[in-house]
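Dropping a prediction and its sequence here:
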Amino acid sequence: MATRARNKLSARQVATLTEPNIYSDGGGLYLRIRTSGRSWFFIGTLHGKRIELGLGSALDVTLAKARERAAHIRAMLLDGIDPRVERAKAKIAARPVVTFGAFAMELVDDIEDGFKNPKHRQQWRNTLKTYAKPLFEVPVNEVSTEQILAVLQPIWLSKAETASRLRGRIERILDAAKVKGLRTGENPARGRGHLDLLLPKRGKASVKHHAALPFTEIAGFMTSLAQRPAVAARALEFTILTAARSGEARGMTWGEVNLEDKLWTVPASRMKAQVQHEVPLSDAAIAVLMAVKEDGLKPTDFVFPAPRGGSLSDMALSQLLKRMERDDITVHGFRSTFRDWAGETTRFEREEVEMALAHTVASAVERAYRRGRALEKRRALMAAWATYCGR
C-alpha cells in the first residue's frame with residue numbers, strides 16, 4: 001500500500017493562501033480557510049470510525065507546531081488511544097480540584113426545589129453524609145468502582161432500601177459531574193451490568209414491603225376505626241376508602257373537593273407522579289367528609305387539620321395504628337389491601353385498579369383517551385370497595 005504524502009504545504013503557502021477552502025498537508029493534517037479565520041484540524045480513524053479534532057488557529061499555531069500535534073495524535077491512534085478522551089482528561093486535570101462531597105452538596109442545592117417536601121431534601125443530604133462520607137474528599141473525577149463498592153457493601157444486605165437509594169444518588173451525582181465536564185468515561189455507580197455483577201444477590205427477604213392488613217379483615221378494622229373520634233381516625237378512614245397515599249389525604253384542602261360531583265381532584269404538585277389525579281368519592285367517603293366539615297371553612301383550609309393547626313404529620317396515622325395495637329401493619333399497606341381485594345375478589349380490570357392507585361398506566365395518549373370512561377368505572381370500583389369495608 002502506498003504511503004500517503006505528507007508535508008505538502010510550505011510555510012509560505014500557509015501565509016499567503018487566501019481562497020476559502022480546505023488544504024491538505026497530508027497525514028490527516030488540514031488547513032481550513034474561511035472568511036472568518038484560518039485554523040488547523042486533524043482527521044483520522046479509531047476502531048474504524050472517523051474522528052476530527054481541532055488543532056488551533058493558524059494565527060497562533062505554526063505549520064511546524066501543527067505537524068507536531070498531528071504526529072502526536074497519529075501515534076495515539078496507532079496505540080488505540082482516543083485523543084478526544086485524553087484531551088478531556090487534560091482539561092479536567094488543569095482545573096481546580098472539585099471533591100465529590102463539594103459537588104454533591106452543590107448539586108443538591110441546585111435540584112432541591114424539585115423535591116416534593118423538605119423531608120426529601122434532608123434525606124438526600126443525610127444519606128450521603130452518613131453512608132458516602134469516605135467519598136467526600138475524593139476528587140469527583142477520580143471516584144472509582146472500588147470506592148463505591150466500599151461504601152455500599154457494608155449496608156447492601158442489611159439496609160437494602162437505603163443502599164439502593166444511595167447507589168442511585170451517587171450515580172446521579174457522577175452523571176451530573178460528567179455533564180459539567182468534571183468527569184469522563186463510564187459511570188462507576190451504574191447498577192445494571194456493572195455493580196449488580198459485583199454486589200451480592202439479595203434474597204426476597206431483603207426486599208422491604210409495607211406490612212398490609214389482609215383484605216378479609218378490613219371490615220372489622222373499619223368498625224374499630226369508626227369508634228375513634230380523633231381527626232387522625234377520620235383521615236385514616238378516608239385514606240382507606242379512597243386507596244390514597246396518606247400524604248395526599250393529609251394535605252387535602254376543601255378547595256380540592258367537589259361534594260356535589262362526589263369528586264376529589266388532587267393537583268399534580270401533590271402527586272408522586274406529578275400528574276393531576278381525580279378520585280371518585282363513594283357515599284362512605286362523602287360521609288367522612290361531612291363528619292369533619294364545619295361552617296365557615298375556606299378552600300385553603302385542610303380537611304383533616306392537626307390539633308395545633310396545619311396538616312397532620314406523617315406520624316399521626318402511624319401513631320393511631322399503635323394506639324389500636326396494630327403495630328403489625330402500616331398505613332401505606334392499606335393500598336396493598338385494596339389491590340389484593342380488587343385482584344382476588346372482583347372482575348374490575350387491572351388498569352382500573354392501577355389508575356385508582358394513581359399508578360402510571362399505558363402511554364400519555366391512551367391515558368388521556370381513557371380518562372372520562374375510566375372515571376365512571378372507578379366510581380363503581382370505589383363504591384364496591386366501600387361496601388366490602390362495611391361502610
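Nice, thanks for sending it over.

For this protein, which segments count as strands?
Under the criterion DSSP state E, the chain contains strands at 21-26, 29-34, 37-46, 49-57, 257-258, 263-266, 277-280.

Just name the most buried of those strands.
Most buried of the strands of the chain by mean neighbour count (mean count of other C-beta atoms under 10 Å) is strand 277-280; its value is a mean of 21. In this view, the C-beta of every residue, glycine as well, is placed from N, C-alpha and C.

in its sheet, what does it sit against?
If you go by DSSP bridges, strand 277-280 pairs up with strand 263-266 (antiparallel).

Can you say which of the strands of the chain is nearest to Phe215?
strand 277-280 (19.7 Å; C-beta to C-beta).

Tabulate the strands of the chain in JSON lines, adding columns for mean pLDDT and distance to Leu63.
Below are those laid out as JSON lines (pLDDT from 0 to 100; distance: least, C-beta to C-beta, whole Å):
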{"stretch": "strand 21-26", "mean pLDDT": "94", "distance to Leu63": "7"}
{"stretch": "strand 29-34", "mean pLDDT": "94", "distance to Leu63": "8"}
{"stretch": "strand 37-46", "mean pLDDT": "93", "distance to Leu63": "9"}
{"stretch": "strand 49-57", "mean pLDDT": "91", "distance to Leu63": "11"}
{"stretch": "strand 257-258", "mean pLDDT": "94", "distance to Leu63": "78"}
{"stretch": "strand 263-266", "mean pLDDT": "93", "distance to Leu63": "69"}
{"stretch": "strand 277-280", "mean pLDDT": "90", "distance to Leu63": "68"}
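
could I get those as TSV with distance to Ala386?
Shown next, in TSV, are the strands of the chain (distance: least, C-beta to C-beta, whole Å):
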stretch	distance to Ala386
strand 21-26	76
strand 29-34	74
strand 37-46	66
strand 49-57	63
strand 257-258	17
strand 263-266	14
strand 277-280	11
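
Which among those is found nearest to Leu157?
strand 277-280 (35.7 Å).

What residues does the closest residue to Ser336 other than its chain neighbours make contact with?
Leaving out its chain neighbours, the residue that sits closest to Ser336 by C-beta to C-beta, 6 or more residues apart in numbering is Ala212, at 3.8 Å. Residues counted as contacts of Ala212 (C-beta atoms under 8 Å, 6 or more residues apart in numbering) are Ile329, Thr330, Gly333, Phe334, Arg335, Ser336, Thr337, Asp340.

pLDDT at Ala212, what is it?
For Ala212, the pLDDT comes out at 84.

try Leu281
95.

Run a quick neighbour tally on it.
Neighbour count of Leu281, defined by other C-beta atoms under 10 Å: 24.

buried set for stretch 303-318?
Neighbour counts over stretch 303-318 (16 or more other C-beta atoms under 10 Å) mark Val303, Phe304, Pro305, Ser311, Leu312, Ala316, Leu317, Ser318 as buried.

my bad, stretch 89-104
Neighbour-count burial for stretch 89-104 [16+ other C-beta under 10 Å]: Ile92, Val98, Thr99, Phe100, Gly101, Phe103, Ala104.

From the opening residue of it to its closing one, how far?
Start-to-end span of stretch 89-104 (C-alpha to C-alpha, to the nearest Å) is 20 Å.

tell me the contacts of the residue lying farthest from the centre of the chain?
In the chain, the residue that sits farthest from the middle, by C-alpha atoms, centre = their mean, is Arg12; the gap is 58.3 Å. For Arg12, the contact set (C-beta under 8 Å, 6+ apart) is empty.

could you redo the last one with a cut-off of 10 Å?
The contact partners of Arg12, by C-beta atoms under 10 Å, 6 or more residues apart in numbering, come to Leu63.

How about Asp196?
Arg167, Arg190.

hmm, try it at 8 Å
With C-beta under 8 Å, 6+ apart, Asp196 has no contacts at all.

again with Leu263
Val257, Glu278, Val279, Pro280, Leu281.

Apply 7 Å and report the result again.
Residues near Leu263 by C-beta atoms under 7 Å, 6 or more residues apart in numbering: Glu278, Pro280, Leu281.

Next: Ile155.
Applying C-beta under 7 Å, 6+ apart, one finds that Ile155 lies in contact with Tyr131, Thr162, Ala163.

give me that answer again for 6 Å
Ala163 (C-beta atoms under 6 Å, 6 or more residues apart in numbering).

Could you count how many residues lie near Gln276?
By the measure other C-beta under 10 Å, the count of residues near Gln276 is 13.

and of the buried residues of stretch 303-318, the nearest to Ile43?
Using C-beta to C-beta, Ser311 comes nearest to Ile43 of those, at 63.5 Å.

ok, that closest one to Val303 distance?
According to C-beta to C-beta, to the nearest Å, Ser311 and Val303 sit 9 Å apart.

Over to Cys212: give its phi and psi.
To be clear, residue 212 is Ala; Cys isn't right here. Main-chain dihedrals, Ala212, degrees, to the nearest 10: phi -120, psi 150.

Mind listing the residues bridging to the closest residue to Gly37 other than its chain neighbours?
Closest residue in space to Gly37, ignoring its immediate chain neighbours: Ser57 at 6.5 Å, by C-beta to C-beta, 6+ apart. Counting by DSSP bridges, Ser57 is bridged to Ser39.

Trp40 is in contact with Ser57, correct?
No. Applying C-beta atoms under 6 Å, one finds Ser57 not in contact with Trp40, separated by 7.8 Å.

Can you pull the residues that touch both of those two?
Common contact partners of Ser57 and Trp40 (C-beta under 6 Å, 6+ apart): none.

Pro188 touches Thr145, doesn't it?
Yes. Counting by C-beta under 6 Å, Pro188 sits close enough to Thr145 to count as a contact (4.1 Å).

Look at these two and report which has more neighbours.
Neighbour totals were compared for Pro188 and Thr145, and Pro188 leads with 18 against 15 (other C-beta under 10 Å).

OK, contacts around that one?
Ser144, Thr145, Ile148.

Might you specify the subset of those located within helices?
Judged by DSSP state H, the contacts of Pro188 include Thr145, Ile148 as members of helices.

Please produce TSV containing the contacts of Pro188, extended by pLDDT and distance to Ala249.
Shown next, in TSV, are the contacts of Pro188 (pLDDT from 0 to 100; distance: C-beta to C-beta, whole Å):
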residue	pLDDT	distance to Ala249
Ser144	94	45
Thr145	94	43
Ile148	95	39
